[in-house]
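I would like the atomic coordinates for the input below:
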Amino acid sequence: MLPLKDLKMINAMARLNYGDNIMRQIRGLKFRCEPGTQFRYESMTSAILGAVIERASGKRYADYLGERVWKPLGMEHPALVNIDSREHDFAHSFGGITLTIKDLAKIGRLYLNDGMWDGRRIVSEDWIRQTADCDTSYHGYHFNWYNINYEGFIRPEYSGYYALGICEQVLYVNPHKNLVIVRIGKSNSGPTRIPVLFDQLGSSWQ
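Down below sits the predicted model:
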């Protein structure tokens, strides 16, 4: 049987994904430690970030995303953003967006171009730089992006970084090779992890 703390974590994740009032769940949280002193991979952190975006902008998460990213990038199709319920209308900012493969590739191109799109600044260059840096802390995970240190591999000299979605959907960006690779599909059951394969391919790209 799982320890009580693990059962509590599973329960919290289930309520985050399937509950109908995420803000109530957020308000019930307590600090585990002094903010800024420890790192933990938790979807709740990104959920809270979604709340911060809405409070700071005064707009719904989906509307802000549409205004600041979707329209400037000329996305070809609308995205779908999951919410907790019609009553509370809180976005699943921790991983509830559905989009086409071509529009996902545009986000990769935005990062490849240091946050610029058609001469317009969309994302802070400093944010892009920190995302792309070869960071081995926290097992290669930072700013909601990964590098293959997270997979337990040593990064090659011309390595990239990637975003990882449910069912092994991958957005891979390699600034050294001017390369973006997107994979949308079901769970990976092959002999190697998809992000690792992409990094191996990207590093050898001429």
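
can you pull out the strands in the chain?
Secondary structure of the chain by DSSP state E: the strands cover 80-81, 97-98, 116-117, 120-121, 141-142, 145-146, 161-164, 170-174, 179-183.

got a list of contacts for the third one?
Here strand 116-117 makes contact (CB atoms under 8 Å, 6 or more residues apart in numbering) with Pro72, Leu73, Arg109, Leu110, Ile122. The C-beta positions use only the backbone N, C-alpha and C, and glycine is treated the same way.

quick check: the residue nearest in space to the middle of the chain vs Gln130, distance?
Geometric centre of the chain, nearest residue: Asn144, 4.4 Å, by CA atoms, centre = their mean. Look at Asn144 and Gln130: by CB to CB, to the nearest Å, they are 11 Å apart.

out of the contacts of strand 116-117, which are buried?
Using 16 or more other CB atoms under 10 Å as the burial test, those include Leu73, Leu110, Ile122 as buried.

ok, the contacts of strand 116-117 vs Ile194, which is closest?
Arg109 (19.7 Å; CB to CB).

for the closest residue to the closest one other than its chain neighbours, what are its contacts?
By the measure of CB to CB, 6 or more residues apart in numbering, the closest residue to Arg109 outside its immediate chain neighbours is Val180, 5.8 Å from it. Neighbour list for Val180: Ala105, Gly108, Arg109, Leu112, Leu171, Tyr172, Val173, Asn174 [criterion: CB under 8 Å, 6+ apart].

mind redoing it with 10 Å?
Shown in contact with Val180 (CB atoms under 10 Å, 6 or more residues apart in numbering): 104-112, 160, 171-174, 202.

what does Arg109 give?
Arg109 neighbours (CB under 10 Å, 6+ apart): Leu73, Met116, Trp117, Val173, Asn178, Val180.

which two of those lie the greatest distance from each other?
Using CB to CB, the contacts of Arg109 span at most 18.1 Å, a distance reached by Leu73 and Asn178.

what domains does the record give for this structure?
1-97, 100-206 (automatic domain parsing).

rank the ones you listed by pLDDT, which is bottom?
By mean pLDDT, the lowest-scoring of these turns out to be domain 100-206, with a mean of 84.
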